[in-house]
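> Here's my sequence, what's the structure:
(2 chains, ligands or ions: 2)
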Amino acid sequence: MESSGPFGLALQLIWQADPALVEIVVLSLRVTGTALLIAAAIGLPLGAVLGIARFWGRGAIIVVWSALMGLPPVVAGLVVYLLLSRSGPLGGLGLLFTPTAMIIAQTALILPIVVSLTRQVVEDLWQRYADQLRSLGSSSWRAVPTLLWDGRLTLVTVLLAGFGRASAEVGAVLIVGGNIAGHTRTMTTAIALETSRGALALALALGIILLALTLVLNALAHLASRLDRSHIG
Amino acid sequence: MTTAAPILPLVLDRLSFAVRGKNLLHEVSLTLEPGRRTVILGPNGAGKSLLLRLAHGLLQPTGGRVVWAAADRLGHRPRHALLFQRPVLLRRSARANVIHALALAGHGYRERRKRADSTLAKFGLTGLAERQATVLSGGEQQLLALARAAAQEPEVLFLDEPTAALDPAATAEIEAMLDNLHADRVRIVMTTHDLGQARRMADEIAFMHRGRLIEATPAADFFSRPVSPEARAFIEGKLLW
Ligand SMILES: Nc1ncnc2c1ncn2[C@@H]1O[C@H](COP(=O)(O)OP(=O)(O)O)[C@@H](O)[C@H]1O
Ligand SMILES: [Mg+2]
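Ligands and ions are numbered 1, 2, ... in the order given. Predicted coordinates:
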């Protein structure tokens, strides 16, 4: 394939499922997917409770979580690095420069998004539902799963936003993962490295896959909302 | 069925409700005996909805007491229900809405499904059971909300202008279901500003105006010889708020 440009080469890498490419994509999806699962498991109930409960200091907690949404990824990476580095509090676990370290860093990036936006969604729903649910005998605690389920469409987009943020960022995974080939090299860190080395084909191939991934996720969300409107519960 | 002590009569004892120093309800006293249908009648802003919310326990009175003859819950199950003028239905199927209410009332997995299906059948909603509740028509939604309340087998059913947003056909359907519930010995307590509905549905009338209970009498007496000038004006269509 002598004279095709980087774009042609990129398509060829994808078409032939180049092993190096596949490995990077699979690792990236595994890391971000795991981080999203953890952030959802913690963030959905936590956000819902923040949306329903009324207690002293609630306002301050809400402000902190929403400020964390704007946390620069490199700073998140730095904090996780300090925690996991040999002299850090969790240094003994030997997690630095492993996929697990990247999962932790990405969870830290996604969690504030999930908590803050879930809080907003659930608080709005609770305002409309509280009297009705109480009338039917629901406690505030019992309302948490009900409201999460009723907000599921919006919450899917919240989770997609979290996935988007984590899969698109470079700084945090670079710092705590180290961009080690075959071990902690993700789509974004590989793009940064390959581009700086002038290896545009692989960088472009990964870029195309990242874009396609976003497209697919959004299409799925759209489909889910169509299905939901048509009937099932 | 349970053999719990009856919760009626319900005594509303000098109920007042104030918001930021402004009194919206002034010492309303009313006793609800079993066996009849009470219509709380009055123009907009009279305090009808407030009175129902206080009786149902959604609001706490700032003065006076709500006294049930026995505990108004059996375990998880509320013994009285409130149908809102615009009920909130969950974003799930009609059947799942009823099942959810039955879960809140503490019924087990199989029992919920059995009861949900029989209740939906009773309300003529079997054909809509799998439809998403939030896309049903206004009349269907109100009927479903009524079925959901009835599924919990309340002994007292409060209804806050249940047909105010409905067309005549849907109104007739709701009223027919209320007749059935009344025949099943569910105590009906409803508000309305609609005189025609009050005539059709009431055994006794509690007439309210501007946060006060003006008179509480058997329906026949209320319409043939109202005592208060306010009630007379309202019946003649001359009292607008
Ligand atoms: N939470 C509230 N805060 C302030 N005013 C209220 C509140 N709830 C009701 N009101 C006022 O109390 C009056 C009685 O309301 P309501 O019971 O809804 O009347 P009705 O149901 O008879 O039309 C109205 O003037 C209404 O604006
Ligand atoms: Mg009202």
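> What's the local residue count around residue A:71?
Using other Cβ atoms under 10 Å in any protein chain shown, residue A:71 has 15 other residues around it. Any C-beta I mention is one placed from the backbone N, CA and C, and that applies to glycine too.
> Check residue B:202 too.
Residues lying near residue B:202 (other Cβ under 10 Å) number 23.
> Distance of it relative to residue A:181?
Using Cβ to Cβ, to the nearest Å, residue B:202 is found at 82 Å from residue A:181.
> now residue B:85
Distance of residue B:85 to residue A:181, computed by Cβ to Cβ: 66 Å.
> So for the two, which sits in the more crowded spot?
Of the pair residue B:85 and residue A:181, residue B:85 is the one with more neighbours under other Cβ under 10 Å, namely 15 against 11.
> If I look at that one, what pLDDT would I see?
Per-residue pLDDT puts residue B:85 at 93.
> same check, this time on residue A:225
70.
> Am I right that it is in contact with residue A:153?
Yes - between residue A:225 and residue A:153 there is a contact under Cβ atoms under 8 Å: 5.3 Å.
> any idea how far residue A:189 is from residue A:97?
Distance of residue A:97 to residue A:189, computed by Cβ to Cβ: 12 Å.
> Just give me the residue closest to the centre of chain A.
With distances taken as Cα atoms, centre = their mean, the residue of chain A nearest its centroid is residue A:163 (3.0 Å).
> Wasn't it part of a helix?
Yes - under DSSP: H, G, I helix; E, B strand; the rest coil, residue A:163 falls within a helix.
> what's the closest non-adjacent residue to it?
Closest residue in space to residue A:163, ignoring its immediate chain neighbours: residue A:36 at 5.1 Å, by Cβ to Cβ, 6 or more residues apart in numbering or on different chains.
> so after the helix or strand containing that neighbour, what's the next helix or strand?
Per DSSP states H and E, residue A:36 falls inside helix A:19-52. Moving toward the C-terminus from helix A:19-52, the next helix or strand (DSSP H and E) is helix A:58-68.
> Against which helices or strands is the helix or strand following that following helix packed?
Downstream of helix A:58-68, the next assigned helix or strand under DSSP H and E is helix A:73-84. Under the contact criterion of 3 or more Cβ pairs under 8 Å, 6 or more residues apart in numbering or on different chains; DSSP states H and E, helix A:73-84 touches helix A:99-135, helix A:171-177.
> any idea of the angle the first one forms with helix A:73-84?
Right, helix A:99-135. Helix A:99-135 runs at 110 degrees relative to helix A:73-84, counting by axes from the mean of the first three to the mean of the last three Cα atoms, to 10 degrees.
> Let me know whether helix A:99-135 sits next to ligand 1.
No - Helix A:99-135 stays clear of ligand 1 (Cβ under 6 Å from any ligand atom), getting no nearer than 11.2 Å.
> That helix near chain B at all?
Yes - counting by Cβ under 8 Å from any Cβ of the partner chain, chain B has neighbours in helix A:99-135: A:128-129, A:131-135.
> Could you tell me the angle between that helix and helix A:58-68?
Using the same axes, to 10 degrees, helix A:99-135 lies at 140 degrees relative to helix A:58-68.
> isn't there a strand covering residue B:29?
Yes - under three-state DSSP, residue B:29 sits within a strand.
> Would you quantify the distance from it to ligand 1?
17 Å (Cβ to the nearest ligand atom, to the nearest Å).
> quick one, what contacts that residue?
Shown in contact with residue B:29 (Cβ atoms under 8 Å, 6 or more residues apart in numbering or on different chains): B:12-15, B:64, B:213.
> Return the residues in contact with residue B:207.
Going by Cβ under 8 Å, 6+ apart, the list of residues near residue B:207 reads B:40-42, B:213-216, B:222, B:226, B:228, B:230-231, B:234.
> So is the helix or strand where it lies next to ligand 1?
Assessed by DSSP H and E, residue B:207 sits inside strand B:204-209. No - figure legend: strand B:204-209 not in contact with ligand 1 (Cβ under 6 Å from any ligand atom); closest approach 6.5 Å.
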